[in-house]
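Enquirer: just a sequence and a predicted model for now, questions to come.
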Amino acid sequence: MDPQALPAFPRRMVYNALVACLTSLSIGYVIGSPNVPEASIRGTDGRCGPHPYTIQNGFPNCFEFSDLIWGLAVGSFCLGACFGGLVGGAIQNKVGRIKTMMLSDLIFIIGAITLGLTYHQAQFVVGRIIVGIACGLGGVVAPTYLNEIATAQARGVLGTFHQLFLVVGLLISNLIGLIWSNPPGWRVVMAVNAVPALLQGLILFTLVESPKYLVSRHQLRAAQRSLQLLRGAESETDVYAELKDMALLLLNERLDDEKVAEEDLESPMEPTVIPVQRDDSLATMRSNSTAVQPSIELHRSSPKSTPSTQDSYGILELFRSECRGIAIVGIVIHFLQQASGINGLVYYSTSFLANVFGSGSSQNITIGVSCCNLLATAFSVFLIDRFNRKTLMMASFFGISISSVLLVAGGYSDTGILVVVAVFLYIISFAIGLGPIPWLLLSEMLPTYALSPASSIATGVNWGSNFIIGLVFPSMTKGMGSATFIFFGSVSAFGVFYVWRFVPETRGLSVDQVMAAKGVPPRGSLKS
């Protein structure tokens with residue numbers, strides 16, 4: 001059966017995607033959790049008693065933070081996320097996608113407990129760094145897993161799930177923050193970080209491992225079982241062609257004449273042979289490479305049968321490889337996503353809007369902004385496969401640029417309604433393209449052997465840039481007011497040009513086609 005003819009959204013695939021997206025929800029919750037209860041945490045709302053360090057039930061009600069130190073406390077999770085992102089690719093290649101999500105869940109829970117029991121400002125920062133490490137790991141593994149379990153028709157929709165559930169987590173954190181925005185209720189807001197991670201940890205055993213990961217580890221029989229479970233009953237769905245395509249991709253990467261063996265750890269099986277037929281398109285793609293192996297044999301292997309260490313690039317290998325140009329494009333997009341200033345509003349919208357509307361109204365507006373963000377991100381699921389990726393990203397950057405101009409104008413003219421309109425437009429512009437697409441783009445541009453290191457670097461750059469924005473945004477807005485957005489608007493205007501000039505279109509194209517469009521040959525052709 002042609003992979004294009006498979007059901008677009010098999011139920012088991014959708015279930016696996018939804019469970020995996022609890023990781024994304026956890027990330028969104030971490031991002032938004034300090035926003036609404038900021039005044040209670042810092043003791044600036046007058047409800048902490050005669051002194052912010054008033055002890056109640058054994059713990060201080062609040063903590064004194066200067067603007068700069070509060071920016072460090074809020075943004076410090078990005079330092080942990082940067083580290084988690086940089087090591088995430090290697091970890092998921094070593095232990096698999098499911099176990100990496102389990103590790104992320106464990107770290108989320110440890111961080112949430114640390115934050116909920118905070119006794120000092122330094123402990124708050126440490127707790128944010130711990131949950132940040134989990135965010136970094138999750139930011140690598142969740143989009144990777146979603147891409148690797150998706151059918152060809154569902155690739156775009158599942159690619160938006162990471163951002164969609166991130167926004168859901170953000171909204172949940174703001175709603176809980178509104179309910180518990182008091183001392184010491186803010187501790188509950190911090191502790192709830194553990195709930196989605198604990199829930200996911202309890203049901204991860206029901207998920208199947210990524211079939212593409214299993215193929216990359218030469219576990220072809222396990223990959224076949226995993227793929228069959230994801231696509232439906234064997235009597236109704238034939239995964240033969242899709243598995244063959246995955247195996248061909250692996251052979252194209254390795255280009256050797258050895259038979260690929262997989263040790264069946266569950267029960268003895270007779271050797272099964274999947275014949276691989278060459279067609280004209282494959283012959284053209286491999287015209288400069290060695291001959292294709294005529295068959296793939298699945299049988300019990302000896303303990304000495306281990307995957308080659310050359311299957312995937314490391315980070316240094318990536319930047320010496322033929323894929324470095326495409327990888328850099330994806331990494332720059334991740335930088336520009338954060339340099340648009342979106343998380344300045346996400347982290348500090350309550351305090352930023354309080355300067356215009358007062359603290360009570362600003363909290364309600366923040367909830368409205370989060371709801372708008374969710375609706376716009378959900379709408380992007382509809383848009384993602386109907387418009388080109390480049391078109392959506394350029395529209396995002398252009399919309400953010402216009403929003404920045406309106407924010408500056410509203411701030412200088414003291415027109416509150418214009419500020420609100422600009423903030424909502426800012427969020428909508430980001431959500432329709434720039435929010436989900438960078439997480440999807442790398443997997444659509446890069447082959448399997450280059451994806452994990454590129455994802456690690458892009459995630460590290462994303463969170464590192466996020467940290468800088470989170471650190472300096474309070475001080476910038478205090479000193480410059482709405483003029484802060486002149487910088488973010490200028491960066492976004494550059495983003496329009498960068499996408500138009502350097503980013504390849506990926507919608508409806510295979511990785512090989514994207515590489516060919518950028519003049520990048522497959523790795524195997526360089527070894528002939």
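Expert: Perfect, thanks for sending it.

Enquirer: can you pull out the helices in the stretch 251-400 of the chain?
Expert: 280-285, 315-319, 324-339, 342-357, 359-383, 389-412 (DSSP state H, counting those that start in this stretch).

Enquirer: okay, the ones you listed in CSV with mean neighbour count and mean pLDDT next?
Expert: All C-beta spots, glycine's among them, are computed from the backbone N, C-alpha and C. Putting the helices of the stretch 251-400 of the chain into CSV (neighbours: other Cβ atoms under 10 Å; pLDDT from 0 to 100) gives the following:
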stretch, mean neighbour count, mean pLDDT
helix 280-285, 12, 38
helix 315-319, 16, 87
helix 324-339, 21, 94
helix 342-357, 22, 73
helix 359-383, 19, 82
helix 389-412, 21, 94
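
Enquirer: who wins for proximity to Phe65 among the ones you listed?
Expert: Of all those, helix 342-357 sits nearest to Phe65, with 11.6 Å by Cβ to Cβ.

Enquirer: where does the stretch 101-250 of the chain dip in pLDDT?
Expert: Residues of the stretch 101-250 of the chain meeting the criterion pLDDT under 70: 235, 249-250.

Enquirer: what about 90?
Expert: Along the stretch 101-250 of the chain, segments meeting pLDDT under 90 span 119-121, 147, 150-160, 163, 170, 174-175, 177-186, 212-221, 223-224, 231-250.

Enquirer: the helices in it, which residues?
Expert: Under DSSP H, counting those that start in this stretch, the stretch 101-250 of the chain gives helices at 121-149, 155-179, 186-191, 194-203, 211-216, 220-231, 240-254.

Enquirer: looking at these, which is buried most?
Expert: helix 121-149 (a mean of 26; mean count of other Cβ atoms under 10 Å).

Enquirer: which elements pack onto it?
Expert: Applying 3 or more Cβ pairs under 8 Å, 6 or more residues apart in numbering; DSSP states H and E, one finds that helix 121-149 makes contact with helix 11-32, helix 67-95, helix 97-116, helix 155-179, helix 211-216, helix 437-445, helix 448-480.

Enquirer: among those helices, which comes closest to Val496?
Expert: helix 437-445 (14.1 Å).

Enquirer: centre of the chain versus that closest one, how much separation?
Expert: Its chain's C-alpha centre and that of helix 437-445 lie 10 Å apart, by Cα atoms, centre = their mean, to the nearest Å.

Enquirer: and the angle from that helix to helix 155-179?
Expert: Angle between the axes of helix 437-445 and helix 155-179 is 160 degrees (criterion: axes from the mean of the first three to the mean of the last three Cα atoms, to 10 degrees).

Enquirer: picking that back up, the helices of the stretch 101-250 of the chain: which one's closest to Tyr449?
Expert: Closest to Tyr449 of the helices of the stretch 101-250 of the chain, according to Cβ to Cβ: helix 240-254, at 5.1 Å.

Enquirer: thinking again about what came up before, now the helices of the stretch 251-400 of the chain in CSV, with distance to Leu214?
Expert: Below are the helices of the stretch 251-400 of the chain laid out as CSV (distance: least, Cβ to Cβ, whole Å):
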stretch, distance to Leu214
helix 280-285, 22
helix 315-319, 23
helix 324-339, 24
helix 342-357, 35
helix 359-383, 28
helix 389-412, 28
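
Enquirer: show me the contacts for the spatially most central residue of the chain.
Expert: In the chain, the centroid-proximal residue (Cα atoms, centre = their mean) is Gly139; its distance is 3.9 Å. Residues in contact with Gly139 (Cβ atoms under 8 Å, 6 or more residues apart in numbering) are 27, 81, 84-85, 88, 439, 459, 462-463.

Enquirer: what about 7 Å?
Expert: Contacts for Gly139 (Cβ atoms under 7 Å, 6 or more residues apart in numbering) come out as 27, 81, 85, 459.
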